[in-house]
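# no sequence on hand, only this structure:
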């Protein structure tokens, strides 16, 4: 390797490093400006609820009617509350299950369901 190649490699590495740090700094500034606050406990609690219900997709599941195609979502439980673990700063954990749009089959039944989880935490 010649000295020119080494200097070129250092310059390229420096540009990549500066670009990466600039992108991270900009992302942090945007998050702070918009007021997005990340709460690791709330993320974990929401993930637990989503994982618990994630595999309820078969027609023979109690959430669905009859095992026949198309699967029809029963009215219960489309919304509810999940209990919180004992050592938690969160005040509540709720979920809602709503039908998504009908796909290209146009059978007027939802082809998927959307689950939203809301974890309330006390303000800082």
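Now that the structure is in, tell me what you want to look at. Being a predicted model, the structure only gives us computed values, none of them experimental. Numbering: from 1, shown residues only.
# what's the distance between residue 4 and residue 10?
Counting by CB to CB, to the nearest Å, the gap from residue 4 to residue 10 is 11 Å. In short, each C-beta sits where N, CA and C put it, glycine included.
# which neighbours do the two share?
Shared contacts of residue 4 and residue 10, defined by CB atoms under 8 Å, 6 or more residues apart in numbering, are absent.
# strand partners of the least confident helix or strand in the chain by mean pLDDT, parallel vs antiparallel please.
Every helix and strand in the chain was compared by mean pLDDT, DSSP states H and E; the lowest is strand 79-81, with a mean of 79. Strand 79-81 has these partner strands in its sheet, going by DSSP bridges: strand 92-99 (antiparallel).
# my guess is residue 80 meets residue 95, correct?
Yes. Using CB atoms under 8 Å, residue 80 is in contact with residue 95, at 6.0 Å.
# more neighbours: those two, which one.
Higher neighbour count among residue 80 and residue 95: residue 95, with 20 against 13, using other CB atoms under 10 Å.
# please report how far residue 20 lies from residue 26.
Distance, residue 20 to residue 26, using CB to CB: 11 Å.
# pop the domain breakdown of the protein in here.
For the chain, automatic domain parsing gives the domain ranges 1-36, 39-124.
# of those, which shows the lowest average pLDDT?
Sorting the domains of the chain by mean pLDDT places domain 39-124 lowest, at a mean of 70.
# got the phi and psi for residue 122?
When read as degrees, to the nearest 10, the backbone of residue 122 gives phi -70, psi 150.
# who are the neighbours in contact with it?
Contacts for residue 122 (CB under 8 Å, 6+ apart) come out as 89, 91.
# can you tell me how far it is from residue 92?
Residue 122 sits 11 Å away from residue 92, going by CB to CB.
# quick check: longest helix of the protein.
helix 3-34 (DSSP state H).
# helices or strands up against it?
Applying 3 or more CB pairs under 8 Å, 6 or more residues apart in numbering; DSSP states H and E, we find helix 3-34 packed against no helix or strand.
# C-terminal to that helix, what's the next element?
The helix or strand immediately downstream of helix 3-34 is helix 40-53, counting by DSSP states H and E.
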